[in-house]
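Participant: Got a predicted structure plus its sequence, pasted below:
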Amino acid sequence: MKIETITIDFWNTLFDSSAGKLRNAYRQRVLIDEIDKFGITIMGKQFQEAMEATWKYFEDIWTIQHRTPTSQDCVEFIWDYLKIQKDQDSINIVKKAFEDSVLVHPPALLPGVKNALSELNKNHSLALISDTGFSPGSILLKLMQNEEIDQYFSSFSFSDETGVAKPNEKAFLTPLNHLNTHPHNALHIGDIEQTDITGAKNLGMKAIRFTGSVVEYINVKNPKDTQADHELAHWDDILQTLNEQFYT
């Protein structure tokens, strides 16, 4: 078997989830400033409860319907949850702040990523497959450009653009079809068993589960056993892993 294309997840595979508290504080400030215009005051606890409810709303749709709500959907959900009269101008301001928060307080590129991509790109086509949250694919692409890693990728599949989330086969087939690669000649690297690994294996792709993330909720939700062909704890080991596990 020849691996022609390697598809890679974004969150907690290429970039970590650091600065999440700072992003949340930034979103809160903008939201409070906007609703203050209507003479409404919310406390930090109310905002936190609204955010928790929004993430549950997001996760229910993500895991059950295999799509990701847009930032517009999420902000309007918060408006309804807090029982605020809707004002489209204010909603648009908060929506933009939610989307841009990852640029204001960016996540960190995981160790070894840039060198690994440079090496992998020499012999493979690379594609990104990402489920998006508050920030759409266009914003995540800016993060990649800022870190100068977008140049290594030949195709991108963002859930807000495809209309589906992993493990839906369209999320994987979108870049594979673009690159004329059969799933049997492709490998996916991602951190979440139920989305990354299940989706790839259902299509007949090879899969590596990335375990280098320190995000606790992923460790809790991921089962101990995996369908993946191998697990990878650090990007510095990717070439050795390919040579030993897939090319021998």
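Facilitator: Right, received. Where do you want to start?

Participant: Could you look up the SS state of Ser213?
Facilitator: Put simply, Ser213 is coil when judged by DSSP: H, G, I helix; E, B strand; the rest coil.

Participant: Residues in a beta bridge with Leu126, which ones?
Facilitator: Ile6 (DSSP bridges).

Participant: What is the burial count for it?
Facilitator: By other CB atoms under 10 Å, 19 other residues sit near Leu126. Quick note: C-beta positions are derived from backbone N, CA and C, even for glycine.

Participant: any idea of the pLDDT on it?
Facilitator: Looking at Leu126, its pLDDT reads 98.

Participant: Could you measure from it over to Asp87?
Facilitator: Leu126 is 43 Å from Asp87, where distance means CB to CB, to the nearest Å.

Participant: what about the helices in the protein?
Facilitator: 20-35, 44-60, 71-81, 88-104, 113-120, 137-146, 159-162, 169-178, 198-202, 216-221, 238-245 (DSSP state H).

Participant: okay if I get those as TSV plus distance to Ile8 and mean pLDDT?
Facilitator: Converted to TSV, the helices of the chain look like this (distance: least, CB to CB, whole Å; pLDDT from 0 to 100):
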stretch	distance to Ile8	mean pLDDT
helix 20-35	21	90
helix 44-60	22	90
helix 71-81	23	93
helix 88-104	18	95
helix 113-120	8	98
helix 137-146	11	98
helix 159-162	15	96
helix 169-178	10	98
helix 198-202	11	98
helix 216-221	16	63
helix 238-245	10	94
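
Participant: Of all the ones you listed, which one is nearest Gln227?
Facilitator: helix 198-202 (4.8 Å; CB to CB).

Participant: what's next to the closest one, contact-wise?
Facilitator: 7, 166-169, 171-172, 186-188, 190, 206-207, 227-228 (CB atoms under 8 Å, 6 or more residues apart in numbering).

Participant: quick one: which of these sit in strands?
Facilitator: Secondary structure from DSSP state E places Thr7, Ala186, Leu187, His188, Gly190, Lys206, Ala207 of the contacts of helix 198-202 in strands.
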